[in-house]
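Trainee: Sequence and predicted structure, then a few things I'm wondering about:
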Amino acid sequence: MENSILFTAYSMSGLELKNRMVMAPMTRSRSDNPGNLATSLTAEYYEQRATAGLIISEGTPVSTKAVGYINVPGIYSDAQVEAWKLVTNAVHTKGGKIFAQLWHVGRLSHPDFHNGELPHAPSAINPNEKSYTINGFVDTVTPKEMTTEDIQQTILDFKNGASNALKAGFDGIEIHAANGYLFHQFFNGTSNHRTDNYGGSIENRARILFETLDQMKEVIDMNRVGIRFNPSMHGFMGMTMDELTIPTFDYIIDRLNGYGLAYIHLTEPFVPVDNVPFAVKEVAKHFRPIYNGTLIINKGFTKETAIKVLEDGDADLVAFGVPFIANPDLVKRFETDAPLNQADQATFYTPGAKGYTDYPELG
């Protein structure tokens, strides 16, 4: 298996990756400090995993309004930019490549994060989920419907986030447009009941994404921008699929062919969707013929299934999440067929080194 396609180099829009294994973005909640800064412990965590072909950072909020989880590192203050340099320098010293995932959670946030003010969202519709705040798990609320000015400010926040990511030394950025967060909320008819230019038709639902990209062009090359989508997400984060869901993603992903992106990053369904009307059961197979650029696929892949999806031509890169949490040397373990450490889920989001930087590596 050492000569498998999984371990071959890949040129991603001119960025040379040493293998086709991607470390997926995963919130780890270790920035338990007043400025929500990445720390030397954060740097150690990513450095340990720098043998991945590409690392995508945990979601990093582009503004205070974008925050929706405790102890996540932001990318909107000068201090945060300086702190992220610890991470990018550590990864680059080990020969790795790392993108920053830019994030806004929208209606999944809570007033606890915003001095009592309502979180922003496309429409004033409560997702009826739970938000984890400094007061523990609390019920989400009906958010504030964003004004046009709010939307334009958010677009500028993502533009600024991209600029800050480059200042911090990241090799590129990923827009988080999946998993029920802000962009996904605009795409989905469950969460977007707007009647202006940002709601109704497929083109209007997608407008905020393309306006964001058009603004970003001023500060970052599009071949250093990726976007993450979860097209067949149903029953999570208040998202429900309808007859326009997949056509919306078909439209978005086809139109992205004209942007020369670094990649699109797709997630297979979280749970079986055989009985979900309008769902696509095999996301990579559906979108591979539509998208001409680099396609990353994610969700529960093993070494064997990753090799198969690459050999079948349904994806160019495969992202691994939990296996990289428990196995900083996952690439080596796959190459040598070594057994994998098992992840301790109780420490996924807890402060400190335990369950973060203390997993054993092969000798």
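Mentor: Arrived safely, thanks for sending. Residues are numbered from 1 along each chain as shown.
Trainee: and the longest helix for this structure?
Mentor: helix 148-167 (DSSP state H).
Trainee: and that one, what does it pack onto?
Mentor: Under the contact criterion of 3 or more Cβ pairs under 8 Å, 6 or more residues apart in numbering; DSSP states H and E, helix 148-167 touches helix 78-93, strand 98-103, strand 172-176, helix 202-216. Quick note: C-beta positions are derived from backbone N, CA and C, even for glycine.
Trainee: Off-centre distance for the first one?
Mentor: What that stands for is helix 78-93. Relative to the centre of its chain, helix 78-93 is centred 19 Å away, using Cα atoms, centre = their mean, to the nearest Å.
Trainee: Any buried residues in stretch 66-77, and which?
Mentor: Buried residues in stretch 66-77, counting neighbours by 16 or more other Cβ atoms under 10 Å, are found at A66, V67, G68, Y69, I70, N71, V72, P73, G74, I75, Y76.
Trainee: Show me where the stretch 151-300 of the chain has its helices.
Mentor: For the stretch 151-300 of the chain, the helices defined by DSSP state H, counting those that start in this stretch occupy 182-187, 202-216, 245-255, 283-287.
Trainee: Alpha carbons of the longest one, as PDB, please.
Mentor: Think helix 202-216. The C-alpha coordinates for helix 202-216 follow below in PDB (Å, rounded to 0.1, in the frame of the first residue of the first chain):
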ATOM      1  CA  ILE A 202     -31.700  29.700  -6.100                       C
ATOM      2  CA  GLU A 203     -29.600  32.600  -7.500                       C
ATOM      3  CA  ASN A 204     -30.700  34.900  -4.600                       C
ATOM      4  CA  ARG A 205     -30.000  32.200  -2.000                       C
ATOM      5  CA  ALA A 206     -26.500  31.800  -3.300                       C
ATOM      6  CA  ARG A 207     -25.800  35.500  -3.800                       C
ATOM      7  CA  ILE A 208     -24.000  36.200  -0.500                       C
ATOM      8  CA  LEU A 209     -21.400  33.500  -1.300                       C
ATOM      9  CA  PHE A 210     -20.500  34.900  -4.700                       C
ATOM     10  CA  GLU A 211     -20.500  38.500  -3.400                       C
ATOM     11  CA  THR A 212     -18.100  37.300  -0.700                       C
ATOM     12  CA  LEU A 213     -15.800  35.700  -3.300                       C
ATOM     13  CA  ASP A 214     -15.900  38.800  -5.400                       C
ATOM     14  CA  GLN A 215     -14.800  40.900  -2.500                       C
ATOM     15  CA  MET A 216     -12.100  38.400  -1.400                       C
END
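Trainee: any idea of the angle it forms with strand 98-103?
Mentor: Counting by axes from the mean of the first three to the mean of the last three Cα atoms, to 10 degrees, helix 202-216 points 130 degrees away from the direction of strand 98-103.
Trainee: Need the residues that contact helix 202-216.
Mentor: The contact list for helix 202-216 (Cβ atoms under 8 Å, 6 or more residues apart in numbering) reads 151, 154-156, 158-159, 162, 175, 177, 183, 186-189, 192, 194, 196-199, 222, 225, 227, 244, 247-248, 251-252, 255, 259.
Trainee: 7 Å instead?
Mentor: Defining contact as Cβ atoms under 7 Å, 6 or more residues apart in numbering, one finds that helix 202-216 is touched by 151, 155-156, 158-159, 162, 175, 177, 183, 186-187, 192, 197-199, 225, 244, 247-248, 251-252, 259.
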